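Asker: Coordinates for the following, if possible.
(chains A and B)
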There are 2 protein chains.
Amino acid sequence: MYPPRVTLYEVGPRDGLQNEAAQLPVDDKVRLIEKLAAAGLSRIEIGSFVRPDWIPQLADTDKLASRLPPGPRYAALVPNRTGLDRAIAAGLREVAVFMSSSETHNQKNTNKSIAESLGHFAQIVPAAKKQGRFVRAYLSTVWGCPYEGKVDPMRALEISRELKKIGCDELSLGDTIGVGNPLQTRTILELFLKHLDPGYLALHLHDTNGTALANCLVGLEMGITIFDTSIGGMGGCPYAPGAAGNLATEDLASMLDDMEIATGVDLEKLFEAGELAQRLIGHKLTGRRLQAALGRRHPGEARAEAST
Amino acid sequence: MYPPRVTLYEVGPRDGLQNEAAQLPVDDKVRLIEKLAAAGLSRIEIGSFVRPDWIPQLADTDKLASRLPPGPRYAALVPNRTGLDRAIAAGLREVAVFMSSSETHNQKNTNKSIAESLGHFAQIVPAAKKQGRFVRAYLSTVWGCPYEGKVDPMRALEISRELKKIGCDELSLGDTIGVGNPLQTRTILELFLKHLDPGYLALHLHDTNGTALANCLVGLEMGITIFDTSIGGMGGCPYAPGAAGNLATEDLASMLDDMEIATGVDLEKLFEAGELAQRLIGHKLTGRRLQAALGRRHPGEARAEAST
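Answerer: Okay, here's the model as predicted:
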């Protein structure tokens, strides 16, 4: 009833760093990505080709792209034709376009209406395909919008079908603010899977409320096999309102390993990557398994067992 | 596919406090329990009638029992006949016996072999029933034992059927160290539900690895309607090895509320109880929703939204 194999799409170097105050030098990003690749992650999103002043943390994506270790397929966000050209020049095999399923979030995040975003993608996605690039599309706020509240899944589905028609190879559905619950996830996926293949969909679930793994489980039950995660949970502090709260790669990888679902990831090496991420970022990351693993390596805080 | 209604069995004043360093005075426990009752929790475990020197945090359970607000059904652990007599004298309507499904944990936790525990319960459970008490049984380490590792679900089932035969009214299956995964939960429940009614079973899932909600979800899918939780996640720091890591009452209550599953609990009042618990314990509790709620009440740490 669960798929035998799952792909983890690592967003730490992009979605994670984008939401951290720390600005890592390229050298540190390379070190982190080397660790992620060594842990067996096969897809890694390294940054964003937006205007450098928009997201200073990711302003060095061109430089970073020239120093990536072989192995994984690397991706970056491209907001427009200029970004796409930079991604292609940088030699990335995958690019990602992004938009939201709620008008207000799309406007604030991309400065476009939903119709404008779709019109825009109809230009750049075929251009990316012509260059042999794999094109991922992000559709944000499907589970809820910080400005509009609930989002109509029918509207999100319409946009999704349009994105497929335009030529996107994969669609990552985002619970951008981590408000999703398992019943809602089931409802959304039941609707989407009437019209789209499960292999076409990825889930990008934030863990603000601690429900990301439960939502992933529903996805697994319904045949989803691609999940976006961030090393250490980088990019989100669940204890701050409005925080991104990325699902930690080790938390999902470990649960899948426990469930005998293959990911190709070496957990011990993943914890090493998480430990490095925490050191580079300079504050405790939120991943539970990472903190437990660090506790095992640095004992002394050990406590008594509970009795029931 | 999910049950319409779920009962939360609050273990904070017992399992929570038992695993916290702080020793609360009776007055503080009364205040906390008043808040829990006001939030609509219908079952609350207040302490343990073990020898006072065993668990100093719970040494005042007799005193506490005389000062409980009306409404909820209150319970306490009883390890033996003396404990049962104390519980009955204190007027508690429910008592709980406890044992483990692994020999080593049972020996360390109760000083008895599994056979001795069962023999012992065969004496005290009928005595409790004769006094009109509702008898809950805890079976610990079903998902894994800190000393023995994996536990054979068939062995756990045998013990469970014995506990039913002895006259226990309810059985709470414990993932004592929080190592359970959803596949395992499904396997265990599929086996148990061949022989026991879903209404007879409660799940006592610790959240050490952040998987408790995903495991609860499997329980819900399989018709389980009683879940043990601890206010604020009291009793477990997920960042310490071997920590209890109780599932936070607000985390499950909120997810159920989002899923339109009734619990009878007022979430805002529950957060008030959690806020009090945190103040009394004196350190940040682990519940994610509690911390988010406290963040909303005390903004200033607010951060930007993520973009995908």
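Asker: Poorly predicted segments of chain A, please.
Answerer: Chain A contains residues with pLDDT under 70 at A:236-244, A:298-308.
Asker: Now do the strands in it.
Answerer: According to DSSP state E, chain A carries its strands in the segments A:7-10, A:43-48, A:73-77, A:94-100, A:134-140, A:170-175, A:201-205, A:226-229.
Asker: closest point of the stretch 51-200 of chain A to chain B, which residue?
Answerer: For the stretch 51-200 of chain A and chain B, the shortest gap (C-beta to the nearest C-beta) falls at A:Asn181, measuring 3.6 Å. For every residue, glycine as well, the C-beta is placed using N, CA and C.
Asker: ok, now which ones touch that residue?
Answerer: Shown here is A:Asn181, whose contacts under the criterion C-beta atoms under 8 Å, 6 or more residues apart in numbering or on different chains are A:211, A:214-215, B:255, B:258-259.
Asker: Any of the residues you listed buried? List them.
Answerer: A:211, A:214-215, B:255, B:258-259 (16 or more other C-beta atoms under 10 Å in any protein chain shown).
Asker: closest to B:Asp152 among the residues you listed?
Answerer: Minimum separation from B:Asp152 among the buried ones among the contacts of A:Asn181 (C-beta to C-beta) is found for A:Ala214, which lies at 27.1 Å.
Asker: list the contacts for the closest one?
Answerer: When the contact criterion is C-beta under 8 Å, 6+ apart, the partners of A:Ala214 are A:181-182, B:213-214, B:216-217, B:255.
Asker: Show me those that map onto helices.
Answerer: Here DSSP state H is the test, and those give A:182, B:213-214, B:216-217, B:255 as lying in helices.
Asker: Pull the most distant pair out of these.
Answerer: Comparing every pair within those by C-beta to C-beta identifies B:Ala214 and B:Met255 as the most remote, at 10.4 Å.
Asker: A:Val265: which of the ones in helices among the contacts of A:Ala214 is nearest?
Answerer: Distances from these to A:Val265 were compared by C-beta to C-beta; the smallest belongs to B:Ala214, at 18.4 Å.
Asker: Run a quick neighbour tally on A:Met1.
Answerer: Here the number of neighbours of A:Met1 (other C-beta atoms under 10 Å in any protein chain shown) works out to 8.
Asker: Tell me, how many residues neighbour the residue nearest to it when sequence neighbours are not counted?
Answerer: Counting by C-beta to C-beta, 6 or more residues apart in numbering or on different chains, A:Met1 lies nearest to A:Glu221, which is 6.4 Å off, once chain neighbours are set aside. Look at A:Glu221: counted by other C-beta under 10 Å, it has 19 neighbours.
Asker: quick one, what contacts the nearest residue to A:Lys269 once chain neighbours are set aside?
Answerer: Take A:Lys269 and drop its neighbours on the chain: the residue closest to it by C-beta to C-beta, 6+ apart is A:Ala39, 3.9 Å away. The contact partners of A:Ala39, by C-beta under 8 Å, 6+ apart, come to A:265-266, A:269-270, A:272-273.
Asker: ok, A:Ala39 to A:Phe134 distance?
Answerer: A:Ala39 sits 22 Å away from A:Phe134, going by C-beta to C-beta, to the nearest Å.
Asker: again with A:Thr286
Answerer: Between A:Thr286 and A:Phe134 the computed distance is 30 Å (C-beta to C-beta).
Asker: more neighbours, these two?
Answerer: When neighbours are counted by other C-beta under 10 Å, A:Thr286 comes out ahead of the other of A:Thr286 and A:Phe134, with 29 against 17.
Asker: ok, the more buried one touching A:Gly233?
Answerer: Yes: the criterion here is C-beta atoms under 8 Å, and A:Thr286 meets it with A:Gly233 at 3.7 Å.
Asker: Could you measure from A:Ala65 over to A:Leu92?
Answerer: When A:Ala65 is compared with A:Leu92 (using C-beta to C-beta), they lie 6 Å apart.
Asker: and stretch A:191-200 with chain B, contact?
Answerer: No: using C-beta under 8 Å from any C-beta of the partner chain, stretch A:191-200 stays clear of chain B, coming no nearer than 15.8 Å.
Asker: what does stretch A:11-28 give?
Answerer: Yes: Stretch A:11-28 lies within reach of chain B by C-beta under 8 Å from any C-beta, at A:11, A:15, A:18-19.
Asker: buried set for that stretch?
Answerer: Buried residues in stretch A:11-28, counting neighbours by 16+ other C-beta under 10 Å, are found at A:11-20, A:24, A:28.
Asker: Equivalent analysis for stretch A:113-125, please.
Answerer: A:114, A:117-118, A:120-121, A:124-125.
Asker: Now render the residues you listed as JSON lines, adding distance to chain B.
Answerer: Shown next, in JSON lines, are the buried residues of stretch A:113-125 (distance: C-beta to the nearest C-beta, whole Å):
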{"residue": "A:Ile114", "distance to chain B": "15"}
{"residue": "A:Ser117", "distance to chain B": "13"}
{"residue": "A:Leu118", "distance to chain B": "17"}
{"residue": "A:His120", "distance to chain B": "16"}
{"residue": "A:Phe121", "distance to chain B": "15"}
{"residue": "A:Ile124", "distance to chain B": "17"}
{"residue": "A:Val125", "distance to chain B": "17"}
